[in-house]
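Trainee: Provided below are the primary sequence and the corresponding predicted coordinates.
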Amino acid sequence: MIVINAKITADQATVAALAEAIGKMERASLEEPGCSEYCFSVEVSNPGVFRITERWNSVEDLKAHFATPHMAEFQAAMAANPSQGTEIHCYEAEEIPFPAM
């Protein structure tokens, strides 16, 4: 499994301007083969930071995602509403059972 954790820092106006593009990106990505999670969220304590959490079955599925029209559309929206900073972390992971508490 491939896990992506991204953090995008922007002002609240930029986050609001991207809301429609974010919704389209989430919906279209979740329809892609190999995508089991694709979620944008805004930090409660810092509404100028939004995060993207993704889970993919394989690197090949992720590479195919980068070549989709909705990715190009989202990147254009990001270019039109630049962020102050972006951090992206990609991990290859194996899911383990959550320990009982």
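Mentor: It's in.

Trainee: touching, Glu95 and Ser36? I think so.
Mentor: No: here Glu95 does not reach Ser36: they are 10.1 Å apart, not a contact under C-beta atoms under 8 Å. (Each C-beta comes from the backbone N, C-alpha and C, glycine too.)

Trainee: what's the overlap in contacts for those two?
Mentor: Met1 (C-beta atoms under 8 Å, 6 or more residues apart in numbering).

Trainee: compare the two (neighbour count), which wins?
Mentor: Taking other C-beta atoms under 10 Å, Glu95 and Ser36 do not tie; Ser36 has more neighbours (11 against 8).

Trainee: so what does the more buried one look like in phi/psi?
Mentor: With angles defined as degrees, to the nearest 10, Ser36 sits at phi -110, psi -10.

Trainee: lowest average confidence, helix or strand, in the protein?
Mentor: helix 12-17 (a mean of 84; mean pLDDT, DSSP states H and E).

Trainee: can you point out the buried residues in the following helix or strand past that helix?
Mentor: Sequence order places helix 19-30 as the next helix or strand after helix 12-17, per DSSP states H and E. Across helix 19-30, burial judged by 16 or more other C-beta atoms under 10 Å covers 21-22, 25, 28-29.

Trainee: can you give me how far helix 19-30 is from the chain middle?
Mentor: Relative to its chain's centre, helix 19-30 lies at 9 Å (C-alpha atoms, centre = their mean, to the nearest Å).

Trainee: which strands and helices sit next to it?
Mentor: On a contact count with 3 or more C-beta pairs under 8 Å, 6 or more residues apart in numbering; DSSP states H and E, helix 19-30 meets strand 35-42, helix 69-80.

Trainee: now those in JSON lines, with distance to Thr53?
Mentor: As requested, those are exported to JSON lines (distance: least, C-beta to C-beta, whole Å):
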{"stretch": "strand 35-42", "distance to Thr53": "5"}
{"stretch": "helix 69-80", "distance to Thr53": "15"}
